[in-house]
Each structure stands twice: as C-alpha cells, then as structure tokens.
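**Q** What follows is a predicted structure for the sequence shown.
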Amino acid sequence: MKQYQLGEFEEVVMLTVGVLYDKAYGVAIKKEIESRLRRSVSVGALQSALARLEQKGYLKSYEGEASEERAGRPKKFFQITAYGRKAIEFTRKTREELWSDIPKVALKLIMG
C-alpha cells in the first residue's frame, strides 16, 4: 500500500511529533531526535521532512503565540493528523509482521 509509505527519517519525525504532543515545534523536534538517536539533525533536513509530511497530509501545523525571544515571530507547532496516524500505524504493523516472520534460527545466526 504505497499511499502510507514513510521513509526512516519521516517515521522518526512523525513519532517525535507524537512524543512531544503539544510542544512539537522545529527546535524541540530537532533536540528530541538528536537526544534519542544520538545523531545530529540538520535544520534543513528537518524542515524539508516536516513540509513533506504536511504536504502528504500526515501532519498539520499551527502558529503559537508570538514572543519577544523570537523577535515577535510565533513558533510553528505540528500535530499528527488522522491520516498521519494511519500511516504510522501501517508502518508499525508492517515492521512487526516482518520481525515476526523472521525464522528464529535466522535471528540466532545473526545475533550469535
């Protein structure tokens, strides 16, 4: 079902938006991903992924309150849409099915 395909980074971004819930804005998403994955994330890559996910209908954005610390600009927050929830549930189900279909002997050989 191609309509729900997510790339690895897109999946991580979607899940992080879910984890952060009502605090999911660019800088917070970036910090959370970097903390959990222990790898750096470029602002450009994150912004591209957020725009792509919003364009696909998986995320929606809204503006928060303007603040002095941001020179009067509001933060842009993100939320998972119902369609986005279906996409991450599809991805989770697919991963779980793949894991459960690996023969135990194959995992034993891989894991040692």
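**A** Ah, there it is.
**Q** Near A45, how many other residues are there?
**A** When neighbours are defined as other CB atoms under 10 Å, A45 has 13 of them. Backbone N, C-alpha and C define where each C-beta goes, glycine included.
**Q** dump the residue contacts of it.
**A** Applying CB atoms under 8 Å, 6 or more residues apart in numbering to A45 gives the contacts F9.
**Q** how far away is it from G84?
**A** 19 Å (CB to CB, to the nearest Å).
**Q** now Y21
**A** From Y21 to G84 the distance is 13 Å (CB to CB).
**Q** who's more crowded, the two?
**A** G84 (23 against 10).
**Q** Q55 is in contact with the more buried one, correct?
**A** No - using CB atoms under 8 Å, G84 makes no contact with Q55, being 11.8 Å away.
**Q** Can you show me the strands along the chain?
**A** According to DSSP state E, the chain carries its strands in the segments 59-66, 74-80.
**Q** contacts for the last one?
**A** In other words, strand 74-80. Applying CB under 8 Å, 6+ apart, the set of residues contacting strand 74-80 from outside is 14, 17-18, 22-26, 29, 50, 54, 58-67, 88.
**Q** returning to what we had before: what's the most buried one of the strands of the chain?
**A** The highest mean neighbour count among these, using mean count of other CB atoms under 10 Å, belongs to strand 74-80: a mean of 18.
**Q** Compute the inter-axis angle for that strand and strand 59-66.
**A** Interaxial angle of strand 74-80 relative to strand 59-66 (axes from the mean of the first three to the mean of the last three CA atoms, to 10 degrees): 150 degrees.
**Q** and strand 74-80, what's its mean pLDDT?
**A** Mean per-residue pLDDT for strand 74-80: 94.
**Q** Same question for stretch 95-105.
**A** On average, stretch 95-105 scores 87.
**Q** how about it as CSV, C-alpha atoms only?
**A** Coordinates of each C-alpha in stretch 95-105 appear next as CSV, following Å, rounded to 0.1, in the frame of the first residue of the first chain:
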residue,chain,number,x,y,z
ARG,A,95,7.6,-3.7,10.8
GLU,A,96,6.0,-6.1,13.4
GLU,A,97,4.9,-8.5,10.7
LEU,A,98,8.4,-8.5,9.2
TRP,A,99,10.0,-9.1,12.6
SER,A,100,7.6,-11.9,13.5
ASP,A,101,8.2,-13.6,10.1
ILE,A,102,12.0,-13.9,10.5
PRO,A,103,12.7,-17.5,11.4
LYS,A,104,14.1,-17.8,14.9
VAL,A,105,17.1,-19.7,13.6
